[in-house]
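Build me a structure from this.
(one chain, ligands or ions: 1)
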Amino acid sequence: GTLRVDVVTIFPEYLEPLNVSLVGKARARGQLNVHVHDLREWTYDRHNTVDDTPYGGGPGMVMKTEPWGDALDSVLADGYETDAHGPALIVPTPSGRPFTQELAVELSERPWLVFTPARYEGIDRRVIDEYATRMPVYEVSIGDYVLAGGEAAVLVITEAVARLLPGVLGNAESHRDDSFAPGAMANLLEGPVYTKPPAWRDREIPEVLLSGHHGRIARWRRDEALKRTTANRPDLIERCDPSAFDKKDREM
Ligand SMILES: COC(=O)c1ccnc(N)c1
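Next up, the predicted model:
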């Protein structure tokens, strides 16, 4: 089915990239419906105020409840079930759960994602509490760093989810060997890749890749993946399951 994505933001122009490339094609094919809403449409004062100083003091500003409540009620007014077929609220925040390929898969199986990117200091907690009574709320971080707003995270999450939709990625198989994809490659980074020409500036292709020997090629790729994971992500190494590779090799 079609995935519906709604984004409520004070920077609608930031989401323009969702109209191009992979996500743009998925939209054109009707696999994805993206609606971007300007939060300021739901402000009624002269300055279109969306934030205010934090109770309890402290730096920065917090986004106010009323504009969000009116905006989300309007977005959800299209009617929705409150079960697995209904919308989920996705709140990008540095204090959220880590966004992973596994979470991307989980979100890609839902019919409707409503994103509420906010400024760094966040949205008044009562907004999340209010909508958590009607739908699943995913507070999601795309990494251990702080952004000025959550819009870039919406682009990241939407792209990671959209490419998993059936038919959106040309080669359906390419999910299987993704870094982090479940199965033998779970928790392993992909190794080096090569294509024509066979020689470039005196640099040639590893012989094994030209051998046509699929078993040796798979083993070489596994070893290269293990090398790269050890180098770049030692935290993943103890989680990966090399025995799964042996099974895969035996199949070869
Ligand atoms: C304002 O949002 C953020 O700064 C943010 C959102 C999601 N992930 C992050 N690492 C930061």
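
pretty sure R4 is in a strand, no?
Yes - according to DSSP: H, G, I helix; E, B strand; the rest coil, R4 belongs to a strand.

Please name the bridge partners of it.
Note on R4: beta-bridge partners by DSSP bridges are N33, W112.

hmm, stretch 112-120 touching the ligand?
Yes - contact of stretch 112-120 with the ligand (C-beta under 6 Å from any ligand atom) involves 118, 120. (C-beta placed from N, C-alpha, C; glycine too.)

ends of that stretch, how far apart?
24 Å (C-alpha to C-alpha, to the nearest Å).

quick one: buried residues of it?
The neighbour-count check on stretch 112-120 (16 or more other C-beta atoms under 10 Å) flags 112-119 as buried.

cool, stretch 148-158 as well?
149-158.

Can you give me the neighbour number for P192?
11 (other C-beta atoms under 10 Å).

And it, how far from I205?
10 Å (C-beta to C-beta, to the nearest Å).

Same check on E102?
To I205, E102 is 33 Å away according to C-beta to C-beta.

now the buried residues of stretch 112-120 in CSV, with pLDDT and secondary structure?
Shown next, in CSV, are these (pLDDT from 0 to 100; DSSP: H, G, I helix; E, B strand; the rest coil):
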residue, pLDDT, secondary structure
W112, 95, strand
L113, 97, strand
V114, 98, strand
F115, 98, strand
T116, 98, coil
P117, 98, coil
A118, 96, coil
R119, 87, strand
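
what's the closest of those to A218?
L113 (35.7 Å; C-beta to C-beta).

contacting residues around that closest one?
L113 makes contacts with 3-6, 87-88, 90, 107, 158, 161, as judged by C-beta atoms under 8 Å, 6 or more residues apart in numbering.

Residue ranges in this structure under the pLDDT threshold?
For the chain, the stretches flagged by pLDDT under 70 are 79-84, 170-179, 181-182, 184, 241-252.

Where is the longest helix in it?
Longest helix of the chain, by residue count under DSSP state H: helix 214-232.

tell me what it is packed against?
Under the contact criterion of 3 or more C-beta pairs under 8 Å, 6 or more residues apart in numbering; DSSP states H and E, helix 214-232 touches helix 234-237, helix 242-251.

show me where this structure has helices.
Counting by DSSP H, the chain has these helices, from start to end: 21-28, 65-76, 101-108, 125-132, 151-162, 214-232, 234-237, 242-251.

Mean neighbour count, those: which tops it?
helix 151-162 (a mean of 22; mean count of other C-beta atoms under 10 Å).

list the helices and strands it packs on?
Taking 3+ C-beta pairs under 8 Å, 6+ apart as the contact cut, helix 151-162 packs with strand 3-9, helix 21-28, strand 87-98, helix 101-108, strand 112-115, strand 137-141.

Turn those into TSV, including distance to L210.
Formatted as TSV, the helices and strands packed on helix 151-162 follow (distance: least, C-beta to C-beta, whole Å):
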stretch	distance to L210
strand 3-9	41
helix 21-28	31
strand 87-98	39
helix 101-108	31
strand 112-115	44
strand 137-141	42
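
Write out the residues of the protein neighbouring the ligand.
Contact residues, the chain versus the ligand (C-beta under 6 Å from any ligand atom): 92-94, 118, 120, 141-143, 145-147, 149-150, 153.

rerun at 5 Å
Contact residues (C-beta under 5 Å from any ligand atom) of the chain with the ligand: 92, 94, 120, 141-143, 146-147, 150, 153.
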